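*Asks:* here is the input, now give the coordinates:
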Amino acid sequence: QVQLVESGGGLVQAGDSLRLSCAAAERTFSSYAMGWFRQAPGKEREFVAAISWGGRNAYVTESVKGRFTISRHNAENTIYLQMNSLKPEDTAVYYCAAARETLKMRLGESDYWGQGTQVTVSS
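*Replies:* Residues are numbered from 1 along each chain as shown. As a prediction, this is how the structure comes out:
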């Protein structure tokens with residue numbers, strides 16, 4: 001079981017930046033691909049970004065490309081989602097996720113989930 005705890009959400013204005021963090025209480029953290037999903041009100045949860053266990057391969061969904069960056073610090077069992085140029089349509093609950101491979105997350109699924117952190121972008 002991989003326990004994930006997100007932090008860093010909040011209320012910001014359009015154009016601002018925010019960095020989300022996800023800490024894993026798991027000694028085998030470095031063997032998991034990690035990612036971020038989000039769910040806006042009235043919508044299904046969607047894939048946002050994923051990074052391979054070693055950090056070599058990273059993926060982001062088209063709608064955030066050029067604005068969001070995913071990274072990981074295995075020594076600290078932590079991943080990050082740097083979000084720049086935020087838009088009101090980025091408003092959602094953001095979930096940290098872990099899986100054995102990034103492909104599973106890129107297909108919209110994962111093995112483990114955090115509780116989520118709210119990001120609200122005002123216009």
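*Asks:* okay, now the unreliable bits of the protein?
*Replies:* Counting by pLDDT under 70, the chain shows no low-confidence range.
*Asks:* residue closest to the middle of it?
*Replies:* W36 (2.3 Å; CA atoms, centre = their mean).
*Asks:* which ones are touching the spatially closest residue to that one that is not a sequence neighbour?
*Replies:* Sequence neighbours aside, V48 is the residue nearest to W36 in space, at 4.4 Å (criterion: CB to CB, 6 or more residues apart in numbering). The C-beta positions use only the backbone N, C-alpha and C, and glycine is treated the same way. Contact analysis of V48 by CB atoms under 8 Å, 6 or more residues apart in numbering lists G35, W36, F37, R38, V60, T61, V64, F68, L81, Y94.
*Asks:* rebuild those residues as a markdown table, extending it with secondary structure and distance to W53.
*Replies:* Putting the contacts of V48 into a markdown table (DSSP: H, G, I helix; E, B strand; the rest coil; distance: CB to CB, whole Å) gives the following:
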| residue | secondary structure | distance to W53 |
| --- | --- | --- |
| G35 | strand | 11 |
| W36 | strand | 16 |
| F37 | strand | 18 |
| R38 | strand | 22 |
| V60 | strand | 17 |
| T61 | coil | 20 |
| V64 | helix | 22 |
| F68 | strand | 20 |
| L81 | strand | 17 |
| Y94 | strand | 21 |
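*Asks:* quick one, which of the residues you listed are buried?
*Replies:* Neighbour-count burial (16 or more other CB atoms under 10 Å) applied to the contacts of V48 gives G35, W36, F37, R38, V60, T61, V64, F68, L81, Y94.
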